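Chemist: what's the 3D shape of this:
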Amino acid sequence: MDIDLKEQPGHCSHVEAILDRLPCYFDIKKYMETGIYTENSTFNQKKSIRRMTLNFFLSGEILYRKTLYLGLLKCIDVVETAKLLEQIHAGICGTNMNGLTLARIIL
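Modeler: Numbers count the residues shown, from 1 in each chain. Reported below is the predicted structural model:
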């Protein structure tokens, strides 16, 4: 295995958004809103969705993920994620937490 060393660090300031895809939390949100599973869901997928809904909270149209130490985290789509990451990399957003905690929240 070869490892290439670079002279200067690389920086990424652009995130490409795929607008055709549904957000990763789409199935959970739909189930919480209507109580109906998505089409072609298997028994195991339905069971997983029911379990995952215990960790989420729906307030109107906004879905939040419950966490033990950080409270409620807003679930965002690809476009909002791209904007947020660009702001974080640019240093626009100030933070009151260390880098590891911030990384956990973003991911």
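
Chemist: Relative to residue 7, how far out is residue 25?
Modeler: Look at residue 25 and residue 7: by Cβ to Cβ, to the nearest Å, they are 41 Å apart. For glycine as for every other residue, the C-beta is placed from the backbone atoms N, C-alpha and C.

Chemist: pLDDT on the longest strand along the chain, on average?
Modeler: For the chain, the longest strand by residue count, based on DSSP state E, is strand 62-67. In this model, strand 62-67 carries a mean pLDDT of 89.

Chemist: Run through who's touching whichever helix or strand comes after that strand.
Modeler: Following strand 62-67 in sequence order, the next helix or strand is strand 71-74 (DSSP states H and E). By Cβ atoms under 8 Å, 6 or more residues apart in numbering, the surrounding residues in contact with strand 71-74 are 57, 62, 63, 64, 65, 66, 67, 105.

Chemist: Would you mind identifying the next helix or strand past strand 71-74?
Modeler: Next along from strand 71-74, by DSSP H and E: helix 78-90.

Chemist: helices or strands up against that following helix?
Modeler: If you count contacts as 3 or more Cβ pairs under 8 Å, 6 or more residues apart in numbering; DSSP states H and E, helix 78-90 packs onto helix 99-106.

Chemist: Give me the average confidence score over the helix it packs on.
Modeler: Across helix 99-106, pLDDT averages out at 67.

Chemist: Which of residue 25 and residue 7 has more residues huddled nearby?
Modeler: Shown here are residue 25 and residue 7; by other Cβ atoms under 10 Å, residue 25 has more neighbours (16 against 4).

Chemist: confidence score at that one?
Modeler: Value for residue 25, per-residue pLDDT: 83.

Chemist: What's the separation between the nearest residue to it once chain neighbours are set aside and residue 100?
Modeler: In space, residue 25 comes closest to residue 75 once its chain neighbours are excluded; the distance is 4.7 Å by Cβ to Cβ, 6 or more residues apart in numbering. Distance, residue 75 to residue 100, using Cβ to Cβ: 21 Å.
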